[in-house]
Every structure is written in structure tokens, then in C-alpha cells.
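Novice: here is a sequence with its predicted model. Questions after.
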Amino acid sequence: MNAVAERPRTTESLEEPPRRVPAADRRPRLPGTARGLIVGQDPEFTQFVADLLGGSVDIRATTSPQVALGLLNSREWELIVIEHTEGAPLPLSTLIRHVRAEHPRAAVVVTSQAPLLNQQVVECFRADADDYVAAPFHPSEFDARVGRLLRRNASCGASNWPASAPDRNRNATRPPHAR
């Protein structure tokens with residue numbers, strides 16, 4: 001967990017490259033290691049989450065919405081962490097639905113530095129987010145929540161978790177044990 005991702009060139013750049021934990025500072029990716037994408041607006045918070053998960057998940061992190069969309073379309077992700085901040089250019093539920101359409105088997109975790117209103121949390125879950133964690137949170141709790149989701153998804157396999165639109169049948173996108 002001593003891995004440190006590269007700092008962005010500027011915090012305001014919309015074209016910043018995604019940050020990746022340097023190869024010298026992280027374990028080699030073992031077969032079966034989850035790939036995780038962290039999308040956030042606050043570089044420090046995004047870095048904090050990347051550092052938390054960098055020891056057990058192959059992490060890519062970005063604060064750029066454009067880069068995030070490109071990364072979402074570039075490969076399969078087992079974990080997608082979305083950091084919500086007020087004034088985000090896209091409604092959170094819309095973003096979650098887009099992620100679900102592209103990656104129906106990924107574990108989607110929403111984080112927030114300030115607690116969301118109850119209605120916003122409900123909208124996240126209705127959009128098919130797997131978990132919601134508001135700061136401040138204990139790092140070991142966050143790690144345990146993410147680990148639980150990754151283990152659950154890995155145990156389901158592709159045949160048990162069909163790729164279908166989340167709004168057609170809510171149970172169709174859930175593994176059998178979560179119905």
C-alpha cells in the first residue's frame with residue numbers, strides 16, 4: 001500500500017493523462033487481479049482512494065471526464081469508483097447508468113467527500129450502484145467493502161450475471177445470491 005500514483009500535470013487540465021501507480025512501486029499484476037478505474041474531480045481525494053486500493057487492485061485514476069470516458073471504453077473493468085462532488089457536469093445517476101451499460105459486471109462504488117442527500121443516494125442505488133461510501137470513512141472499511149464486491153463478482157462468473165440493461169429487470173443485473 002506504499003504505492004503512490006503520479007501527480008497530474010495541472011489540477012485544472014481536462015486533458016490530463018490518467019494516473020497509474022508506477023510499476024516500480026506496485027506488485028506485478030497477477031492473473032485474476034482486478035482492474036480498477038477511479039474517476040473523480042478532486043485530485044487529492046482521487047489519489048487517496050488510489051493509494052488505498054493500489055496494493056490489491058491494478059488502478060488507473062483520472063480527474064478528467066473526457067479521459068475517463070476513453071478509459072471506460074478501452075477495456076473491461078472489475079471495479080469503478082466514482083467520486084461525486086457538487087457541480088459535477090453530469091448527474092450522478094446518468095453517469096452510473098452509462099457505466100452500467102458499458103460494464104454490467106463491474107462493481108460500481110460511489111464516494112463523496114460530503115454526505116449526499118438521501119434522495120441522491122436512492123438515485124445512485126436505483127441507477128444500479130453497488131455501494132455508497134461518504135467521507136470521512138475508515139480506510140480498512142473502504143478496503144473491506146471493495147474487497148467484498150470484487151469477491152462477490154468474481155464468484156458469479158459471466159454465465160450467472162448476464163449483461164442486460166439495469167432498468168429492464170433489476171434482478172437481471174444482480175448475481176443470484178443478491179436477489
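Specialist: The structure has been received and is ready for your questions. In this text the structure is predicted, and so the values were computed from the model without any measurement.

Novice: use CA for all of it now, contacts and neighbours both
Specialist: Will do.

Novice: what's the spacing between Trp77 and Leu37?
Specialist: For Trp77, the distance to Leu37 equals 7 Å [Cα to Cα, to the nearest Å].

Novice: which helix or strand contains Leu71?
Specialist: helix 65-74 (DSSP states H and E).

Novice: cool, and Arg148?
Specialist: With DSSP H and E as the criterion, Arg148 is inside helix 139-160.

Novice: for that helix, which positions count as buried?
Specialist: Phe142, Arg145, Val146, Gly147, Leu149, Leu150, Asn153 (16 or more other Cα atoms under 10 Å).

Novice: which residues in the chain form helices?
Specialist: 43-53, 65-74, 92-102, 118-126, 139-160 (DSSP state H).

Novice: contacts for the fourth one?
Specialist: Contacts of helix 118-126 with the rest of the structure, by Cα atoms under 8 Å, 6 or more residues apart in numbering, involve Leu92, Ser93, Ile96, Val110, Asp131, Tyr132.

Novice: mind saving the C-alpha coords of it as PDB?
Specialist: The C-alpha coordinates for helix 118-126 follow below in PDB (Å, rounded to 0.1, in the frame of the first residue of the first chain):
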ATOM      1  CA  ASN A 118     -31.000  10.800   0.900                       C
ATOM      2  CA  GLN A 119     -32.700  11.300  -2.400                       C
ATOM      3  CA  GLN A 120     -29.300  11.300  -4.200                       C
ATOM      4  CA  VAL A 121     -28.200   8.100  -2.500                       C
ATOM      5  CA  VAL A 122     -31.500   6.500  -3.500                       C
ATOM      6  CA  GLU A 123     -31.000   7.600  -7.100                       C
ATOM      7  CA  CYS A 124     -27.500   6.100  -7.100                       C
ATOM      8  CA  PHE A 125     -28.800   2.700  -6.000                       C
ATOM      9  CA  ARG A 126     -31.700   2.900  -8.500                       C
END
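
Novice: that helix vs helix 92-102, what angle?
Specialist: Counting by axes from the mean of the first three to the mean of the last three Cα atoms, to 10 degrees, helix 118-126 lies at 10 degrees to helix 92-102.
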